[in-house]
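1. Mind looking at a prediction? Sequence and model below.
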Amino acid sequence: MDLAARQPRDVPPADPEVRFAAEARLPTRYGDFRVLAFECSSDGEDYGVVVRGDLHGAEDVPLRLHSECFTGDVMGSWKCDCRDQLEAALNYIGGAERGAVVYLPQEGRGIGLANKIRAYALQDAGMDTVEANLALGFPDDLRRYDVAAAIVRQLGVRSVRLLTNNPTKVAGLQRAGIPVSGTIPLRTEANLHNRAYLATKRAKSGHTL
């Protein structure tokens, strides 16, 4: 599929550092999707995207920007709400006419898996997530959204409604030139192990929880 050839005239050109690589069908427990792969030369990472419906020229497209979480998404950790939010987003989009999830290789809010687990150890000793990142010499959030924005442009989307509770994602995508027409909150149930984590998200990161 030649995404560039299918772009509407008023959609900005694709970022030359982000290249469409492959596409296939993906039937899932949440609905039928297409799965796309993009390659980014600036960071050497591959980016996965699941898409439902025709996004070219569409406005107000439901979009989830999801940062990878090995412990939550894959291993089912109770310490965060990552898997719950991902599943809620897929369920929402699976029942919609169109939408997409861009899966970002930004483990631990961008600090990587090893440092994330180091941060977990500090949290076990009493720090919250923000304090642990700072103690390791990182900002509380190192994630970037320029690659996600380049992918959204290549999909031909005119504007999005972000499935998120995080205002930083809205601001980051807007700074990268993607119109955000609104948000769709993702409400998930807290548990004994992530209540403090969610409270920190609300108090220190401005999440609408």
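-> That came in fine, so what should we check first?
2. alpha carbons only for contacts and neighbour counts from here, please
-> OK.
3. show me what contacts the nearest residue to Ala176 once chain neighbours are set aside?
-> Nearest-residue entry for Ala176: Asp146, 5.5 Å, with adjacent residues in sequence omitted and distances by C-alpha to C-alpha, 6 or more residues apart in numbering. Listed by C-alpha atoms under 8 Å, 6 or more residues apart in numbering, the contact partners of Asp146 are 172-173, 176.
4. For PyMOL, write the selection for the buried entries among these.
-> Buried members of the contacts of Asp146, defined by 16 or more other C-alpha atoms under 10 Å, are picked up in PyMOL with:
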select buried, resi 172+173
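5. I'd like to know which of the contacts of Asp146 are part of helices.
-> 172-173 (DSSP state H).
6. quick check, nearest of the contacts of Asp146 to Leu192?
-> Set against Leu192, the nearest of the contacts of Asp146 by C-alpha to C-alpha is Gly172 (31.1 Å).
7. what separates the closest one from Tyr30, distance-wise?
-> 28 Å (C-alpha to C-alpha, to the nearest Å).
8. can you check Gly95 too?
-> Taken as C-alpha to C-alpha, the span from Gly95 to Tyr30 is 8 Å.
9. likewise Val130?
-> Distance from Val130 to Tyr30, by C-alpha to C-alpha: 33 Å.
10. With Gln106 instead?
-> 24 Å.
11. higher neighbour count, these two?
-> Using other C-alpha atoms under 10 Å, the more surrounded residue of Gln106 and Tyr30 is Gln106, with 18 against 15.
12. ok, the residue nearest to the more buried one when sequence neighbours are not counted - contacts?
-> In this structure, Gln106 finds its nearest non-sequential neighbour in Ser67, 5.3 Å apart by C-alpha to C-alpha, 6+ apart. Residues counted as contacts of Ser67 (C-alpha under 8 Å, 6+ apart) are 103-107, 109.
13. Please repeat the previous calculation with a cut-off of 10 Å.
-> The contact partners of Ser67, by C-alpha atoms under 10 Å, 6 or more residues apart in numbering, come to 73, 82, 86, 102-110, 143.
14. Just the buried ones from these?
-> Buried among the contacts of Ser67 (16+ other C-alpha under 10 Å): 73, 82, 86, 102-110, 143.
15. and these, which of them are in helices?
-> Those of the buried ones among the contacts of Ser67 lying in helices (DSSP H): 82, 86, 107-110.
16. where does this protein have low pLDDT?
-> 1-16, 194, 197-198, 200-209 (pLDDT under 70).
17. can you give me the strands in it?
-> 18-28, 31-40, 46-52, 61-67, 99-104, 160-163, 180-184 (DSSP state E).
18. Just the buried residues of the longest one, please?
-> Same thing as strand 18-28. 18-20.
19. now, among those, which is nearest to Ala135?
-> Of these, the one sitting nearest to Ala135 (C-alpha to C-alpha) turns out to be Val18, at 33.3 Å.
20. my guess is that closest one meets Gln154, correct?
-> Yes. Contact criterion C-alpha atoms under 10 Å: Val18 and Gln154 qualify, at 8.9 Å.
21. Now do the shared contacts for those two.
-> By C-alpha under 10 Å, 6+ apart, the residues touching both Val18 and Gln154 are 38, 148.
22. residues in contact with the residue sitting furthest away from the middle of the chain?
-> Residue farthest from the centre of the chain, counting by C-alpha atoms, centre = their mean, is Ala125 at 28.8 Å. Shown in contact with Ala125 (C-alpha under 10 Å, 6+ apart): 119, 132.
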